[in-house]
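Visitor: Got a predicted model here, sequence first, then my questions.
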Amino acid sequence: MSKKKPSRRPTVPTRETSRTQAANYLKTALEAMAAGRWDTAVLLAVHAGISAADAVCVAHHGLRSISQTHMDQVRLVRQLFPGDDEAGKASDHLAASLDRKNTVEYEGRVCQPRDAEAAAKHAERLLAWARGRGGKG
C-alpha cells in the first residue's frame, strides 16, 4: 500500500477567515509585553500579522497560504495585490515580523524589549491594513 504524499499547494481556497483572531493575538502579545515576556510577545505579534494578512487575502481573493514556509505568505500578498502600495508595505511589515520570528525560534537568541516593541508595531500596521481592506471581523 503506497502512502499518499502531502499536498504541496501553497494556497487553499477559503471562504471565510476573521481578523478577530489577529486582534486577539495582538492583545495577548501586548499583555505578554507588559509582563516582560519578550519572546512570547514577539511570537504572538508575528501570528497577529500572519492572521491579518490571511484575513485580507481571503476577503479579497478567497485564498490563504498553507505553506510550511511563512515567507510564502509575503509572496502571496504581493502576488494577489500587484502594484498596490499599501499591500506592498503590508508585505514588508510581514517579512520583517517573520524575520524576528526566525530569530526567536531558530537562532535561539533571547528577545529584548525593543524586539517585542518592533514586532508589535509591525502587527499593529498589518492589522490596520486589514481593517482598511475589509478583512472580516
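Guide: Great, that's in hand.
Visitor: neighbours of the residue nearest to residue 105 when sequence neighbours are not counted, just the number please.
Guide: Spatial nearest neighbour of residue 105, excluding adjacent residues (Cβ to Cβ, 6 or more residues apart in numbering): residue 43 at 7.5 Å. Where C-beta positions appear, they are placed from N, C-alpha and C, glycine not excepted. Using other Cβ atoms under 10 Å, residue 43 has 21 neighbouring residues.
Visitor: and the gap between the residue nearest the centre of the chain and residue 86?
Guide: The centroid of the chain falls nearest to residue 50 when counting by Cα atoms, centre = their mean (1.4 Å). As for residue 50, its distance to residue 86 is 18 Å (criterion: Cβ to Cβ, to the nearest Å).
Visitor: returning to what we had before: please name the residues that touch the residue nearest to residue 105.
Guide: Residues near residue 43 by Cβ atoms under 8 Å, 6 or more residues apart in numbering: 101, 104, 105.
Visitor: quick one: which helix or strand includes it?
Guide: Here residue 43, judged by DSSP states H and E, is contained in helix 38-61.
Visitor: which helices and strands sit right next to the helix or strand that that helix is followed by?
Guide: Per DSSP H and E, the first helix or strand lying C-terminal to helix 38-61 is strand 63-65. In terms of contacts (3 or more Cβ pairs under 8 Å, 6 or more residues apart in numbering; DSSP states H and E), strand 63-65 is packed against strand 11-13, helix 38-61, helix 71-80.
Visitor: For strand 63-65, buried residues please.
Guide: 63, 64, 65 (16 or more other Cβ atoms under 10 Å).
Visitor: so which of those would you say is closest to residue 82?
Guide: residue 63 (14.4 Å; Cβ to Cβ).
Visitor: That closest one against residue 57, yeah?
Guide: Yes - counting by Cβ atoms under 8 Å, residue 63 touches residue 57, with 5.5 Å between them.
Visitor: what sits in contact with each of these two?
Guide: Common neighbours of residue 63 and residue 57 (Cβ under 8 Å, 6+ apart) are 76, 80.
Visitor: In the chain, where is pLDDT below threshold?
Guide: For the chain, applying pLDDT under 70 flags the ranges 1-19, 135-137.
Visitor: repeat that with 80
Guide: Applying pLDDT under 80 to the chain flags the ranges 1-19, 102-103, 105, 108, 134-137.
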